[in-house]
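Q: No letters, just coordinates:
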């Protein structure tokens, strides 16, 4: 029986481990932290459950496949609850836009803001469906291992004007600035700047339209627990709280995995769901391939980080939907500050997550769980002291939520804490504290991203946000499908 090791129990690592174990490969999953989840970690404080994220579950079918591979039903282990509206978008002038896949309701929202853009929306919908078919259905689970595979995909990408940005493409269909923001902000959820991320990412609209937006009852952490439980039920082994410190190699093959506790084992194949720079620079640091690849990666653009304020409040808020985007006074200028200039702006846009409106179990009775998230430049662009700046930014974010939605927010806070770029770097070995690995621009996508199988170490593989197709739950679960296929072919 072949033996494989998967490093890192985030969504990508768990999905890969399940696929391998379901196919008869004896798989060990090694996780540095005290519980699985990676970026989908969680905390319990004062009776509140705080998910670290991600909180938006799309394309549940890609998750259901992980159970179907062994003849099980995901619904036995986790309940997914529909979220509607998907997001309420709110601008400072008081305009609200409820974004959902209920076609009549969405059209009413467009008519309310800019009736003249309704025909343009229909054209955008057609475009989104076409790029979804090409970019997600056809290429989303296909590993790009050589340049020839990229050349083959090029005509379709060119036909859909992949060189243009999502914002530019949306703007060609809709003239109203609020609608341009409403239909382009999604790339921020996978670390991409709407002004520079390839128009192919407009597929997210179709992905959500067809598959909906969902919430795992009990939190994203319960979905992680269900995946981990399913993997162990299949006979897989999870080793927690023991970070991998070294991948040993002999010639062009990975031979053994060694952890901080001194545990060391031989495997036929090794896959890393850890940060891509950490995987090469640190874990493969003693093989010639590691430092050479790390040098190349250091020249690439890494996505921004995030600053997240988690807070529990007295009272329930039925008027605040599950997901809100509170747009700031600027859109393009703010994005430039975060992605290009590397400054901490005075203004910000906030992604507000309010799970208790869907699932009251996330807080004690009569109380509510929230988080407010703002994108910030990564530490390579913005090398500030987050110990010092964190409490100030936390206060400003809570003040803004108070101004827009909850006037007495400070009086109602039961518990609160924040998570900053420095925490991404320390807890997740994330390079520059990046929250989404490599930035998803065209020249860092598909073949230009980390390869699902390494070019030089023939039994070393990547899974997760740093490899094709990229960040987000469908992205990393898709990468697991592509990587598992390669590993199973190679292990036969």
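A: Yep, it's here. This one's a predicted model, so the numbers in the text were calculated from it and none came from an experiment.

Q: List the beta-bridge partners for the residue lying closest to residue 96 once chain neighbours are set aside.
A: Leaving aside its sequence neighbours, residue 96 sits nearest to residue 90 (Cβ to Cβ, 6 or more residues apart in numbering; 5.3 Å). (Each C-beta comes from the backbone N, C-alpha and C, glycine too.) Bridge pairing for residue 90 (DSSP bridges) gives the partners residue 96, residue 326.

Q: if I look at the most centrally placed residue in the chain, how far off is residue 319?
A: The centre of the chain sits closest to residue 472, judged by Cα atoms, centre = their mean, with a distance of 2.9 Å. Separation of residue 472 from residue 319 (Cβ to Cβ, to the nearest Å): 28 Å.

Q: go on, residue 102?
A: Distance, residue 102 to residue 319, using Cβ to Cβ: 19 Å.

Q: The two: which is more packed in?
A: The neighbour count for residue 102 versus residue 319, taken as other Cβ atoms under 10 Å, is higher for residue 102 (14 against 8).

Q: Residue 82 is in contact with that one, correct?
A: No: contact status for residue 102 versus residue 82: not in contact, 11.0 Å apart, counting by Cβ atoms under 8 Å.

Q: Just confirm residue 4 is within a strand.
A: Yes: the assignment for residue 4 is a strand, going by DSSP: H, G, I helix; E, B strand; the rest coil.

Q: per-residue confidence for it?
A: Looking at residue 4, its pLDDT reads 98.

Q: do the same with residue 367
A: Listed pLDDT for residue 367 reads 98.

Q: What separation is there between it and residue 101?
A: Taken as Cβ to Cβ, the span from residue 367 to residue 101 is 31 Å.

Q: same check, this time on residue 471
A: Taking Cβ to Cβ as the measure, residue 471 falls 22 Å from residue 101.

Q: quick one, what contacts the nearest residue to residue 101 once chain neighbours are set aside?
A: Leaving aside its sequence neighbours, residue 101 sits nearest to residue 209 (Cβ to Cβ, 6+ apart; 4.5 Å). By Cβ atoms under 8 Å, 6 or more residues apart in numbering, residue 209 lies in contact with 101, 125, 128.

Q: Include neighbour count when you put these into CSV, please.
A: Output for the contacts of residue 209, formatted as CSV (neighbours: other Cβ atoms under 10 Å):
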residue, neighbour count
101, 18
125, 18
128, 24
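
Q: now, which of the residues you listed lie within helices?
A: 125, 128 (DSSP state H).

Q: Tabulate the contacts of residue 209 (CSV), appending pLDDT.
A: CSV is the format used below for those (pLDDT from 0 to 100):
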residue, pLDDT
101, 94
125, 96
128, 95
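
Q: mind listing the strands for the stretch 301-450 of the chain?
A: Using DSSP state E, counting those that start in this stretch, the strands of the stretch 301-450 of the chain run over 305-314, 323-326, 350-353, 367-376, 413-419.

Q: Distance to residue 28 for the ones you listed - can I get that in a markdown table?
A: Rendered in a markdown table, the data for the strands of the stretch 301-450 of the chain read as follows (distance: least, Cβ to Cβ, whole Å):
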| stretch | distance to residue 28 |
| --- | --- |
| strand 305-314 | 31 |
| strand 323-326 | 36 |
| strand 350-353 | 33 |
| strand 367-376 | 33 |
| strand 413-419 | 29 |
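
Q: In TSV: the ones you listed, plus distance to residue 214 and mean neighbour count.
A: Formatted as TSV, the strands of the stretch 301-450 of the chain follow (distance: least, Cβ to Cβ, whole Å; neighbours: other Cβ atoms under 10 Å):
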stretch	distance to residue 214	mean neighbour count
strand 305-314	21	23
strand 323-326	12	22
strand 350-353	14	22
strand 367-376	18	24
strand 413-419	23	18
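
Q: got a list of what the residue nearest to the centre of the chain touches?
A: By Cβ under 8 Å, 6+ apart, the residues touching residue 472 are 54, 58, 189, 190.

Q: Quick one: low-confidence residue ranges for the stretch 101-250 of the chain.
A: Across the stretch 101-250 of the chain, the ranges flagged by pLDDT under 70 are 150.

Q: repeat that with 90
A: 133-163 (pLDDT under 90).

Q: would you list every one of the strands in it?
A: Under DSSP E, counting those that start in this stretch, the stretch 101-250 of the chain gives strands at 213-216, 237-239, 244-250.

Q: among the ones you listed, which is nearest residue 287?
A: strand 244-250 (4.2 Å; Cβ to Cβ).

Q: what angle separates the helix or strand that that closest one is followed by from strand 244-250?
A: Under the assignment DSSP states H and E, the closest C-terminal helix or strand after strand 244-250 is strand 253-259. In terms of direction (axes from the mean of the first three to the mean of the last three Cα atoms, to 10 degrees), strand 253-259 departs from strand 244-250 by 160 degrees.
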